[in-house]
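J.: Provided below are the primary sequence and the corresponding predicted coordinates.
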There are 2 protein chains.
Amino acid sequence: MKMRTLVLLIEYDGTNFSGWQIQPNARTVQETIEQSLNKLTEQKYNIIGAGRTDAGVHARGQVAHALIDNKFSIPDTKIAIALNSRLPKDIRIRAARIIDRDFHARFDAIAREYSYTISLRESVFTRHFTTYFRYPLDFHKLNETAECFIGKHDFTTFSKLNDSTRSYVCDIEKCFWQEIDGLSYRLSIKADRFVYGMVRCLTGAMLEYAGGRMTLNEIKVALSKRDRSLCPALAAPQGLILEKVYYDESKKSLFSQSF
Amino acid sequence: MKMRTLVLLIEYDGTNFSGWQIQPNARTVQETIEQSLNKLTEQKYNIIGAGRTDAGVHARGQVAHALIDNKFSIPDTKIAIALNSRLPKDIRIRAARIIDRDFHARFDAIAREYSYTISLRESVFTRHFTTYFRYPLDFHKLNETAECFIGKHDFTTFSKLNDSTRSYVCDIEKCFWQEIDGLSYRLSIKADRFVYGMVRCLTGAMLEYAGGRMTLNEIKVALSKRDRSLCPALAAPQGLILEKVYYDESKKSLFSQSF
């Protein structure tokens, strides 16, 4: 049988989800999409996402795939519209493509990019996608710490416990903060891989320094010690968005037309 | 007894409210704030808002007042923090001020400004504050219709039925659309007063013309006929935000320091 893979580009508001990954008695993004897909096709497919985002974390550019068979008869130009009409409004399929070869959304990914937005003003309009920071903050210190994390490091200190993690070494290619408006700041962080809880742990540490509760040296020492108990703080999930998943050109070219 | 008035500047996400005004068996903004204020002060005050926004409509700059007495002992520098700690996250008090004279948030207002945002792309991030418009749209036509509404007109055609409305004449000072990004457009509209449902009716008409379903002349004729049955469409509430309430300088100067 010929190999066929459905690739989806997905946006979601994580506020009312217990994260991406299927778990018992919880509303998850993965299960919600699978249910819509299986109802649409009257088949039973499994979808696998590139990033297993935590409860409350959002995505603008999650990528997922499903191995499909010849019973899958919907043309790929119609999949997004058909799925969106069945999905709740907090998930939108931005694009869909069927490719005639194997593709693994997670294992084939070569990098991921996240953003984390904080605001010094509490607002009802941004509250689901921004973390309100109620203390004075030195913007330049945010970028001073961000620079320390660039490159290849063992990020054990800045991770949440997860038995299935074998290596804590990640290579951060990009890590910087931008001022969005006078009262909001956004972190952009890109790495080959992220360990569990890493962006929220790193953001927490950067906010500790920028808020004057830790020195830069303390953070550097914490990083070098590879000791989870030294992680100063975990930033709240609602500021975090999975922005983009990267694939090498040979893979990307298979579906980039529609993505 | 000396006259004292509490003035509040309020922001709210109208998504989960049945509008501003108190009504039986419904969650309203007015009642939610009154309850927090009365719990905080252990008194029974009534608050009156400048604009009675509909179900699902938001506010960035709603103004409300309450006549207070000498039993009200909280200094105005502490009111916003105290109320915000009691209010749900979809309402925030942006500022509070106590003035030693009478002031009426609604009757003293000399103008109101609203915004209405539409997007040609459906997004989970903006869905509560933006109306998704799924058809091709000519941006220049939005502003062509907007111009027709500027000035003093009888807006009966573009209103919802409301028995307490005595005059449908409103003077629109400002009415124009701006491109926010390539796929979103925002209307700014300012008038001395608005009749019930007016911004949504006008927006609906502008979208009818820009979407090619009505001619400009049909809209002009509808306006001149003063006939509610000619109102072409009512735009959805979620795109609408009460941005600002205007007062003349003699009033404004009483509380503008904190607002």
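T.: Perfect, thanks for sending it. Numbers count the residues shown, from 1 in each chain, chains lettered A, B, ... in the order given.
J.: So which residues of the stretch 1-150 of chain A form strands?
T.: Per DSSP state E, counting those that start in this stretch, the stretch 1-150 of chain A carries strands over the ranges A:4-12, A:48-49, A:58-68, A:91-99, A:109-119, A:131-132.
J.: can the ones you listed go into CSV with extra columns for distance to chain B, mean pLDDT and mean neighbour count?
T.: Quick note: C-beta positions are derived from backbone N, CA and C, even for glycine. Listed next are the strands of the stretch 1-150 of chain A as CSV, based on distance: least, C-beta to the nearest C-beta, whole Å; pLDDT from 0 to 100; neighbours: other C-beta atoms under 10 Å in any protein chain shown:
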stretch, distance to chain B, mean pLDDT, mean neighbour count
strand A:4-12, 5, 95, 23
strand A:48-49, 16, 97, 19
strand A:58-68, 7, 96, 23
strand A:91-99, 6, 94, 20
strand A:109-119, 11, 97, 21
strand A:131-132, 10, 96, 18
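J.: Out of the ones you listed, which gets nearest to A:Glu147?
T.: With C-beta to C-beta, the closest approach to A:Glu147 among the strands of the stretch 1-150 of chain A belongs to strand A:109-119: 16.0 Å.
J.: mind listing what that closest one pairs with, with the direction of each?
T.: Its sheet considered, strand A:109-119 pairs with strand A:131-132 (parallel), strand A:184-191 (antiparallel), strand A:240-247 (antiparallel) by DSSP bridges.
J.: contacts for the last one?
T.: It refers to strand A:240-247. Here strand A:240-247 makes contact (C-beta atoms under 8 Å, 6 or more residues apart in numbering or on different chains) with A:50-51, A:53-54, A:57-63, A:105, A:108-117, A:129, A:188, A:190, A:199-200, A:203, A:252.
J.: which element follows it toward the C-terminus?
T.: On the C-terminal side of strand A:240-247, the closest following helix or strand by DSSP states H and E is helix A:249-255.
J.: ok now that following helix, how far from the chain's centre?
T.: Remark: helix A:249-255 is offset 21 Å from the chain centroid, using C-alpha atoms, centre = their mean, to the nearest Å.
J.: and what of stretch A:226-240?
T.: 15 Å.
J.: Endpoints of that stretch, how far apart?
T.: Start-to-end span of stretch A:226-240 (C-alpha to C-alpha, to the nearest Å) is 24 Å.
J.: Which of the residues in that stretch are classified as buried?
T.: A:Arg228, A:Leu230, A:Cys231, A:Pro232, A:Ala233, A:Ala235, A:Ala236, A:Pro237, A:Gln238, A:Gly239, A:Leu240 (16 or more other C-beta atoms under 10 Å in any protein chain shown).
J.: Contact partners for the fifth one?
T.: Contact analysis of A:Ala233 by C-beta under 8 Å, 6+ apart lists A:Cys201, A:Gly204, A:Ala205, A:Leu207, A:Glu208.
J.: can you state the direction angle for the biggest strand by length in chain A and strand A:184-191?
T.: Identified as the longest strand of chain A according to DSSP state E is strand A:169-181. Put simply, strand A:169-181 runs at 160 degrees to strand A:184-191, going by axes from the mean of the first three to the mean of the last three C-alpha atoms, to 10 degrees.
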